[in-house]
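>>> After the sequence you'll find the predicted model.
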Amino acid sequence: MGRMDGKVALISGGAKGQGEAEARLFVAEGASVVIGDVLDDQGAKVAADLGDRAAYSHLDVTQPEDWQTAVGTVKERFGRLDVLINNAGIVRLGMMLDVTLEEYRHVVDTNQIGCWLGMKTSAPLMAETGGGSIINISSMNGIMPGPGAMSYIASKFAIRGMTKAAALELAPLGIRVNSIHPGAIDTDMAHSALGDPEGNPVGFLPIPRMGRPDEVAKMAIFLATDDSSYSTGSEFIIDGGWLVTLAMS
């Protein structure tokens, strides 16, 4: 038996990277999943690879109508919703004085507003079937900022706070809400932000490598199951010791 037998999850940004790893692990553990993304070909391929317990829904997380469609797909295909992973996110690098308002808003709309819309749209269906678990993917930069990515940092700090507020608001519905704060995970986004692997800081960490997407997925499995039944409004860090290294510097 799998740890997620009979459970249903909706995963935004599930076409590649961490989201794909989460979808694959959840299905392997017995769950059914709906993968949401704007990368239609890639997302549909992942769903097809996973078989009858997976479906794909086009999901631009900034669009309320797309969220309604995705949650509708969950209900039509699988009849319930137990887990939401707000995984979709983008980063745009640039110093504050060089970034346009349009560029700043694009990141905030995707990362912060997308997360809010996901929780708002998914919670009613979760409540219908007795509650569930919402997992918001923030970042180590939602705890410790740095220069050159203010829109990303602002959005990830916001997700951290929204998670705590939602945990309080949704507790009466039986819904737990927690955030995951990854550091450098081996995805396209991290490589674009960190640049040349030979020059980036991960070699100086206590665990001197990038994290793997499946390691984040395993953290998500923990938060999705009753193994974390007494955790809500909490932060779960998976950064190879990056934050503790910064604290010592």
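Right, received. Where do you want to start?
>>> for the chain, what's the longest strand?
strand 175-182 (DSSP state E).
>>> Within the sheet, what are the partner strands of that one, with directions?
Strands that pair with strand 175-182, judged by DSSP bridges, come out as strand 132-137 (parallel), strand 235-238 (parallel).
>>> taking those together, which one is wrapped up most tightly?
Among the strands paired with strand 175-182, ranked by average contacts under mean count of other CB atoms under 10 Å, first place goes to strand 132-137 (a mean of 26). Where you see a C-beta, it was placed from the backbone N, CA and C, and this is true even at glycine.
>>> Helices along this structure, start to end?
Ranges of helices within the chain are 17-28, 40-50, 64-78, 101-108, 114-128, 150-170, 188-194, 213-224, 242-248, based on DSSP state H.
>>> in the protein, which residue is closest to the centre?
N87 (2.2 Å; CA atoms, centre = their mean).
>>> Distance check, it against M189.
Per CB to CB, to the nearest Å, N87 is found 11 Å from M189.
>>> Just the pLDDT at M189, thanks.
With respect to pLDDT, M189 scores 73.
>>> Check the burial of the nearest residue to T163 once chain neighbours are set aside by counting its neighbours.
Among residues not flanking T163 along the chain, S179 sits closest, at 4.2 Å (CB to CB, 6 or more residues apart in numbering). Counted by other CB atoms under 10 Å, the residues lying close to S179 total 29.
>>> swap in the one 4 residues further on?
Applying other CB under 10 Å, we find 23 other residues in the vicinity of G183.
>>> likewise A149?
22.
>>> The residue nearest to the centre of the chain contacts G14, doesn't it?
Yes. Between N87 and G14 a contact is recorded at 6.7 Å, counting by CB atoms under 8 Å.
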